[in-house]
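Engineer: predicted model and sequence follow; I will ask about them next.
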Amino acid sequence: MTPGTSKLIFSGPPETVEQIAAHELSHVIAACLAMWKLAPEHYNSLIQHVEEQKVGMSFSDSVPDAIQKRVNAVSALGPIALAPIADMDSIIRFRKYETCGLLSCADISVLHDVETSQQEKQDIILATRCYFERRKNPSEKQVSALIRVKRATAIAPTFLSREYADRIVKMLPLLNSVYRIKGDLLSAMRTPQKPDARRWYHASA
């Protein structure tokens, strides 16, 4: 395990109760970040439904259909953010979303409901991983809560505040720059106050 990395990071399909809950939470966080990135004015209109460790989402009537479809599609990629960093990198670079073994058949189906760009996919995966890196303890507590909850409904800010969603989305230019030069992405995620991608450049890259 990489120092500082959440214990929720794992390889392959989820097997334990904690991994299954983390898989579901990654969809929730990805959806929140996608909604904030695409339509922050509708953030409170994203509704998450929790039932027996399974999470679904719906939208109020005010959210345009095109936005709903895009949020649904990219949020399906959330579990890729839970892969070890080298695996995540390979999945993104070689676009192995359907074959990586981290997404369910339902996830893959939702992913193809609407066409999204490679950049949109990359953005949401990087942003979601950034959440888990920077919010290690809160995310682990959220997983524990998902395991205990039998049934609940909550709007997006219940899982991810508007302020923190905004903070992570604003980090995307930095994260994409570090990713592009094959720099130390995890350090960049954990230390956002230094907005120079070269800080995390690996000379061997």
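Structural biologist: Arrived safely. Remember, it's a predicted structure, so these values are computed and weren't measured experimentally. Numbering: from 1, shown residues only.

Engineer: so the closest residue to His49 other than its chain neighbours is in which element?
Structural biologist: Take His49 and drop its neighbours on the chain: the residue closest to it by CB to CB, 6 or more residues apart in numbering is Gly56, 4.6 Å away. Any C-beta I mention is one placed from the backbone N, CA and C, and that applies to glycine too. Assessed by DSSP states H and E, Gly56 sits inside strand 54-59.

Engineer: just how off-centre is that strand within its chain?
Structural biologist: 15 Å (CA atoms, centre = their mean, to the nearest Å).

Engineer: what comes up buried for the following helix or strand past that strand?
Structural biologist: Next helix or strand after strand 54-59 toward the C-terminus (DSSP H and E): helix 65-75. Within helix 65-75, the residues scored as buried using 16 or more other CB atoms under 10 Å are 67-68, 70-75.

Engineer: nearest to Leu111 among those?
Structural biologist: Ala73 (5.5 Å; CB to CB).

Engineer: roughly how far apart are the closest one and Leu82?
Structural biologist: When distance is defined by CB to CB, to the nearest Å, Ala73 is 18 Å away from Leu82.

Engineer: list the buried ones in the longest helix anywhere in the chain?
Structural biologist: Scanning the chain for the longest helix, with DSSP state H as the assignment, gives helix 17-38. For helix 17-38, the neighbour count (16+ other CB under 10 Å) marks 18-38 as buried.

Engineer: what do you get for stretch 130-142?
Structural biologist: Applying 16+ other CB under 10 Å to stretch 130-142 flags 130-136, 139-140, 142 as buried.

Engineer: CA atoms of that stretch as PDB?
Structural biologist: Extracted as PDB, the C-alpha positions of stretch 130-142 are listed here (Å, rounded to 0.1, in the frame of the first residue of the first chain):
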ATOM      1  CA  CYS A 130      -8.000  12.800  -5.700                       C
ATOM      2  CA  TYR A 131     -11.000  12.700  -3.400                       C
ATOM      3  CA  PHE A 132     -10.000   9.300  -1.900                       C
ATOM      4  CA  GLU A 133      -6.400  10.500  -1.500                       C
ATOM      5  CA  ARG A 134      -7.200  13.800   0.100                       C
ATOM      6  CA  ARG A 135     -10.200  12.600   2.100                       C
ATOM      7  CA  LYS A 136      -8.800   9.200   3.300                       C
ATOM      8  CA  ASN A 137     -10.400   9.100   6.800                       C
ATOM      9  CA  PRO A 138     -13.700  10.600   5.800                       C
ATOM     10  CA  SER A 139     -14.100   8.300   2.800                       C
ATOM     11  CA  GLU A 140     -13.400   5.200   5.000                       C
ATOM     12  CA  LYS A 141     -16.000   6.500   7.500                       C
ATOM     13  CA  GLN A 142     -18.400   6.900   4.600                       C
END
